[in-house]
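Trainee: Following is a predicted model, sequence given first.
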Amino acid sequence: MLPTLHLIQEQQGYISPEAEEYAAQKLGLPAVEVREVVSFYTMFSTEPRGRHHIKVCDSLSCWVCGSSGIREHLRSRLGIEPGETTSDGEISWEVVPDCLGACELAPMIQLDGINKGLLTPEKLDALLDGISPVFQSREKGDQK
Ligand code: FES
């Protein structure tokens, strides 16, 4: 079931009730079992996300190494709060309280499921510039 749900989320950005029904039908399982798995794992979202999704680790090692600065920089740079999506649908982000399993990279984020660590505001800016040229040009005042 997990690979199926990962594939759905990768393609749709989240797992809708209709997608849960579809997965249950294809896997020959009761829909409630799929619902239980989706709601158990924080890696699955039941809300639409941006085309790129960022998870900011806020567990102990990242917190000690400055995750609050990373959070504040993201909030300032994107102009949205955790759980929100930029108006162009490009980027969403969230703060996760559980360790993402890469403490040696603290402070770290997952960008579209890929670990990015030893972050500074400058490194975070470079990542954001790299994933969203539209966002980058908009910031520079180019409205084309
Ligand atoms: S505390 Fe952030 S990856 Fe472990």
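Mentor: Cool, got the structure.
Trainee: buried set for stretch 54-64?
Mentor: For stretch 54-64, the neighbour count (16 or more other Cβ atoms under 10 Å) marks 54-59, 61-62 as buried. C-beta coordinates here come from the backbone N, C-alpha and C atoms, glycine included.
Trainee: should've said stretch 39-56
Mentor: Those would be 44-45, 49-56, for stretch 39-56 by 16+ other Cβ under 10 Å.
Trainee: How confident was the prediction at residue 90?
Mentor: Here the pLDDT value assigned to residue 90 is 89.
Trainee: which ones among the buried residues of stretch 39-56 are found in strands?
Mentor: Applying DSSP state E to the buried residues of stretch 39-56, the entries found in strands are 52-56.
Trainee: Please parse this structure into its domains.
Mentor: The chain breaks down by automatic domain parsing into domains covering 2-40, 52-139.
Trainee: Need the winner for burial among the ones you listed.
Mentor: Among those, the stretch with the highest mean neighbour count (mean count of other Cβ atoms under 10 Å) is domain 52-139, at a mean of 17.
Trainee: returning to that earlier point: ok, which of the buried residues of stretch 54-64 also contact the ligand?
Mentor: 57, 59, 61-62 (Cβ under 6 Å from any ligand atom).
Trainee: Out of the residues you listed, which sit inside helices?
Mentor: The members of those that map onto helices under DSSP state H are 61-62.
Trainee: any chance of the ones next to the ligand among the buried residues of stretch 54-64 in JSON lines, plus pLDDT?
Mentor: Listed next are these as JSON lines, based on pLDDT from 0 to 100:
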{"residue": "57", "pLDDT": "96"}
{"residue": "59", "pLDDT": "96"}
{"residue": "61", "pLDDT": "97"}
{"residue": "62", "pLDDT": "97"}
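Trainee: Check the ones next to the ligand among the buried residues of stretch 54-64 and tell me the two furthest apart.
Mentor: 57 and 61 (8.1 Å; Cβ to Cβ).
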